[in-house]
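[1] fold the following for me, if possible:
(2 chains, ligands or ions: 2)
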Amino acid sequence: MAETLMFNALREAIDEEMARDETVFVLGEDVGHYGGSYKVTKDLHQKYGDLRVLDTPIAENSFTGMAVGAAMTGLRPIIEGMNMGFLLLAFNQIANNAGMLRYTSGGNFKIPMVIRGPGGVGRQLGAEHSQRLEAYFQAVPGLKIVACSTAYNAKGLLKAAIRDDNPVLFFEHVLLYNLKDDLPNHEYILPLDKAEVVRPGKDVTILTYSRMRHHVMQATKGLEAKGIDPEVIDLISLKPLDFETIGASIRKTHRVIVVEECMKTGGIGAEIIASINDRLFDELDAPVLRLSSQDIPTPYNGKLESLTIVQPKQIEAAVEKMLALKV
Amino acid sequence: MVQERTLPQFQAAIAPITAADALVLYEDMTLGRLFEDKCAEMYYRGKMFGFVHLYNGQEAVSTGVIKSLRSDDYVCSTYRDHVHALSAGVPARNVMAELFGKETGCSRGRGGSMHLFSSEHNMLGGFAFIGEGIPVALGAAFQSRYRRDALGQAGADQVTASFFGDGTSNNGQFFECLNMAALWKLPILFVVENNKWAIGMAHERATSQPEIYRKASVFGMPGVEVDGMDVMAVRTVAQEAVARARAGEGPTLIECLTYRFRGHSLADPDELRSKSEKEVWLARDPIKRFEAYLLEQKLVSEGDLKDIRDRIQASIDEALTFAEGSPEPNPVDLYKYIFAED
Ligand SMILES: Cc1ncc(C[n+]2csc(CCOP(=O)(O)OP(=O)(O)O)c2C)c(N)n1
Ligand SMILES: [Mg+2]
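    Ligands and ions are numbered 1, 2, ... in the order given. Okay, the predicted model is just below:
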C-alpha cells in the first residue's frame, strides 16, 4: 500500500498504460514540458518523449479532431482538457466525430480515446472556469461519461477508460486532486459502468457523483447521529447509468435524493429522475428529490458561490424532510 | 465578360505519362462523372434522399491527387465525397448502395451521401460539417509520424490527403491545422478545391485574400496553385507534394482552381452564378480536355475511349442494380454500432 494523492494516482494510471501499450499517448495544452495544469502528466515527457506527451497549440477543436483521426487509425489518444470548460470549443469534434462517427460510419471505425481533465466548481474561479460539462454532453450518443471521486477510483477508472475502445469523457474535480488514498501495490482496474455503493443503508438512497459524494458523506454523519441510515451511491458512470445498482437500492429504500453539482435544468439528475420514473415508479414511496446547483453562472464572490452549490447541511435537511413524510 | 483568375500554365511535356497510367486517370475521371450523373437521375426520380452534393467538373482534382497516392495512404473528404471515395477505391456498388440507404452501403446505410466511410480503403469520411474533416485528416497524418518516429516503424510513411472547399478555408480549423501540420512536419496534403463558390457566397466576398495557396507561406509551408481542370497538372503537383510528405519533409497546401458544373446540391436551383461564368468553365471540362490530350499524344484511339466509357457505364448500371436489389438495414440493428463492442 502506498499513500497517494489523486493527481499522482491519475499520473500513475497514465504512466502504467503508456508503458503497457505504445499506442497510448497524451495530448493537450501544457501537458508536456509544464507537466499539466494539475501536474497529472508531470515528467512523463521525459520518459516517453515529445510525440507521446504532445504539447499542443491552444486549438481545442482542432486537436480534439486530430485525436479522433489518430484514434480512427489505430492510436489511443488521451486528451487533457486544461480545464474541461475549454472543451466547449471542441464541442463539435466531441459530439459529431468522437461520439457519432462510429455509428455514422456503420461500424467502419472505432474511436478509442479518453478526454479527461478538471471540471466542477472550484474556489472562486468564476463562471467560465467552473463548468460542469457532463450535463451538456450527456445527450451525445456514443460517448461514455465517467466521474471519478477518490484517489483509488481515479486510478482504476482511468486505466479502464484508456483500455476502453470507445470515447470516454472522464471528469476529475478541481478540488479533489489532493485527496489521498492508500493504493494497492498491485495493478487494479475498475469497471467503467458500475456505480459504487459508498455507504450501505436502508432508509433512503442518495445518488451522487464527483465532489458531491464528499458533501453527501459529510451529511451522513449528522444523519447517523439522528438514527437515520442512508444508502449513498456514487454513480461513477454518468452515461450509461448503472441501473442495476440504482434499482437494487431503490427496491430496498423506496426513497431517492439526487445530489449533483451540475445545474438543475437539463442536468444529470433530471435524466436520472426521468429514468427512475420510467423504470421504477412503482417502487417509490415519495417523489424523487433533486438537489442541484443553482441555475446561474457561478458567481465569483465566495458567499454567493457557496450558495450556488449544494452544501452538506442542505442534504441533511432534505433527507430529514423526506423521511418525516414517511407513512 | 467575367473576370476570371488567370489559371497557372502547365507544360505537360515536363510530366510524361505512360499509356497505362493515363488510362487509369481517364477511367477514374469518367467513373466520377458518370456516377454523379446517375445520382442526379436517381435523386430526381425520388430514389435518393437528403442532401446530395455532386462533383461534376472537379474530377481532375480527385483523380489527380488520389491516383498519386498509394493504396495504404489516407483520404479525408467533405460532404461532396462520392468521387473521392470512388478514386480511393471504394467500389461504386457500395457507394451507390449507401446513397440508397442499404445495408450493403459502405457505411451500412447509416451514413448517407455526406458520410461515406471505408476503413478497408482508408477512406476516413465523409464529413458534413465545414472544416471538421481537416483535423481528422491531421490525426491520421500524426499517426503516421507517430508510428515512424515514436514507435520506430520504418515503413510508416503513409500520406494523408485532406480535401475541402474555398469557403472552408475561412474556417479556424483550416488555419489551426496548417499550423500544427507545419509545426510537426506531418505528412499531409491540404487540397483546397476552389470552385469559386460556397453555396451562394462568392469566394472573393468571403475572404480578404482570395489566393488561398498564399496562406501557406505564413506557416512556412509550400503553397501551390494549380489548374484544377487539368488532371496532368494536378497530378504533377500532387506527386511532388506526396514525395515531400513521404520523405518526412512535411505538408503542402495545394489550391486547385476548379468549378462545379451543377448546383451546390441537387436541391439548389443554382440561380446565382452567371451564365457567362458557367460557359467559361464548362469550356474547360477536365475530361474533354484530357481526352483531347490523350488523342493528340496518340496514347489512345477514339475507339479505346468509347470502349472505356461503355465499360464504366455498364459498371455503374451494375452498381445501380446491386443497390436497388440490396436489403435495407434490419430494424433490430437500430442500436448497433453506437459502441465499439457492437
Ligand atoms: C459548420 C457548417 N456550417 C455551415 C454548413 C452549411 N454549408 C454546407 S456546404 C457550405 C459551403 C461550403 O463551401 P466550400 O467550402 O467552398 O465547398 P463546396 O461546397 O464549394 O465544395 C455551407 C456553408 C455546414 N455544412 N457546416
Ligand atoms: Mg466552394
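
[2] tell me if stretch B:240-249 is near chain A.
    No: using C-beta under 8 Å from any C-beta of the partner chain, stretch B:240-249 stays clear of chain A, coming no nearer than 13.2 Å. Just so you know, the C-beta spots here come from the backbone N, C-alpha and C atoms, and that holds for glycine as well.

[3] can you list contacts of that stretch?
    B:68-69, B:73, B:141, B:145, B:148, B:157, B:159, B:185-189, B:222, B:224, B:250-252, B:254 (C-beta atoms under 8 Å, 6 or more residues apart in numbering or on different chains).

[4] list the contacts of A:K202.
    The contact partners of A:K202, by C-beta under 8 Å, 6+ apart, come to A:229, A:231, A:252-253.

[5] same thing with B:W197?
    By C-beta under 8 Å, 6+ apart, B:W197 lies in contact with B:166-167, B:203, B:260, B:264, B:272-273.

[6] ranges for the strands of the stretch 51-200 of chain A?
    All strands of the stretch 51-200 of chain A, identified by DSSP state E, counting those that start in this stretch, fall at A:53-55, A:76-80, A:114-119, A:144-147, A:168-173, A:180-183, A:196-199.

[7] go back to the contacts of stretch B:240-249 and keep what's next to ligand 1.
    With C-beta under 6 Å from any ligand atom as the criterion, those include none near ligand 1.

[8] just the ones of the residues you listed in strands?
    B:188-189, B:224, B:252, B:254 (DSSP state E).

[9] number of nearby residues for the nearest residue to B:Y44 once chain neighbours are set aside?
    Nearest in space to B:Y44, with sequence neighbours left out and distances taken as C-beta to C-beta, 6 or more residues apart in numbering or on different chains, is B:L266 at 7.4 Å. B:L266 has 20 neighbouring residues, counting by other C-beta atoms under 10 Å in any protein chain shown.

[10] wait, a strand at B:L266?
    No: the assignment for B:L266 by DSSP: H, G, I helix; E, B strand; the rest coil gives coil, which leaves it out of any strand.

[11] in this structure it contacts B:R45, no?
    No: judged on C-beta atoms under 8 Å, B:L266 makes no contact with B:R45 at a distance of 11.5 Å.

[12] tell me, how many residues neighbour A:P57?
    Neighbour number of A:P57 under other C-beta under 10 Å is 12.

[13] before we move on, back to that, how about the contacts of B:W197, which pair is most distant?
    Distance extremes for the contacts of B:W197: the farthest pair is B:D166 and B:L272 at 15.1 Å, using C-beta to C-beta.

[14] could you check the pLDDT of B:A15?
    Looking at B:A15, its pLDDT reads 84.

[15] same check, this time on B:A340
    97.

[16] which strands and helices lie in contact with the longest strand along chain A?
    Ordering each strand of chain A by length in residues (DSSP E) puts strand A:256-263 first. Contact analysis of strand A:256-263 by 3 or more C-beta pairs under 8 Å, 6 or more residues apart in numbering or on different chains; DSSP states H and E lists helix A:133-137, strand A:204-208, helix A:212-225, helix A:268-280, strand A:289-293, helix A:312-324 as its packing neighbours.

[17] tell me which of those is the most buried.
    Counting by mean count of other C-beta atoms under 10 Å in any protein chain shown, strand A:204-208 has the highest mean neighbour count of the helices and strands packed on strand A:256-263, with a mean of 28.

[18] which other residues reach it?
    Here strand A:204-208 makes contact (C-beta under 8 Å, 6+ apart) with A:215-216, A:228, A:230-235, A:246, A:249-250, A:252-253, A:255-260, A:269, A:272, A:315, A:319, A:322-323.

[19] show me how chain A divides into domains.
    Taking automatic domain parsing as the reference, chain A has its domains at A:2-183, A:196-324.

[20] any chance of the ones you listed in a markdown table, plus mean pLDDT?
    Converted to a markdown table, the domains of chain A look like this (pLDDT from 0 to 100):
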| stretch | mean pLDDT |
| --- | --- |
| domain A:2-183 | 98 |
| domain A:196-324 | 98 |
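
[21] nearest to ligand 2 among the ones you listed would be which one?
    In terms of C-beta to the ion, the element of the domains of chain A nearest to ligand 2 is domain A:2-183, at 20.1 Å.

[22] can you give me the end-to-end distance of that closest one?
    Distance across domain A:2-183, first residue to last, is 5 Å (C-alpha to C-alpha, to the nearest Å).

[23] looking at B:Q3 now. What's its pLDDT?
    For B:Q3, pLDDT reads 72.

[24] show me what contacts it?
    Residues in contact with B:Q3 (C-beta under 8 Å, 6+ apart): none are found.

[25] just B:D342 next, same as before
    For B:D342, the contact set (C-beta under 8 Å, 6+ apart) comprises A:107, B:335-336.

[26] count of residues packed around B:G155?
    8.

[27] let me fix that, I meant to ask about A:L325.
    A:L325 has 11 nearby residues by other C-beta under 10 Å.

[28] any idea how far it lies from ligand 1?
    Separation of A:L325 from ligand 1 (C-beta to the nearest ligand atom, to the nearest Å): 51 Å.

[29] how about B:T252?
    To ligand 1, B:T252 is 19 Å away according to C-beta to the nearest ligand atom.

[30] work out for me the element the closest residue to that residue other than its chain neighbours sits within.
    Distance criterion C-beta to C-beta, 6+ apart; nearest residue to B:T252, sequence neighbours excluded, is B:A241 at 3.7 Å. Assessed by DSSP states H and E, B:A241 sits inside helix B:231-246.

[31] alpha carbons only: can I get that helix in PDB?
    Output in PDB follows, covering the C-alpha atoms of helix B:231-246 (Å, rounded to 0.1, in the frame of the first residue of the first chain):
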ATOM      1  CA  VAL B 231      -5.500  16.300 -64.400                       C
ATOM      2  CA  MET B 232      -2.000  16.200 -65.600                       C
ATOM      3  CA  ALA B 233      -1.200  19.500 -63.800                       C
ATOM      4  CA  VAL B 234      -2.900  18.400 -60.600                       C
ATOM      5  CA  ARG B 235      -1.100  15.000 -60.700                       C
ATOM      6  CA  THR B 236       2.300  16.700 -61.200                       C
ATOM      7  CA  VAL B 237       1.800  19.000 -58.200                       C
ATOM      8  CA  ALA B 238       0.300  16.200 -56.100                       C
ATOM      9  CA  GLN B 239       3.200  13.800 -56.800                       C
ATOM     10  CA  GLU B 240       5.700  16.400 -55.700                       C
ATOM     11  CA  ALA B 241       3.800  17.000 -52.500                       C
ATOM     12  CA  VAL B 242       3.400  13.300 -51.800                       C
ATOM     13  CA  ALA B 243       7.100  12.700 -52.300                       C
ATOM     14  CA  ARG B 244       7.900  15.600 -49.900                       C
ATOM     15  CA  ALA B 245       5.400  14.300 -47.300                       C
ATOM     16  CA  ARG B 246       6.700  10.700 -47.600                       C
END
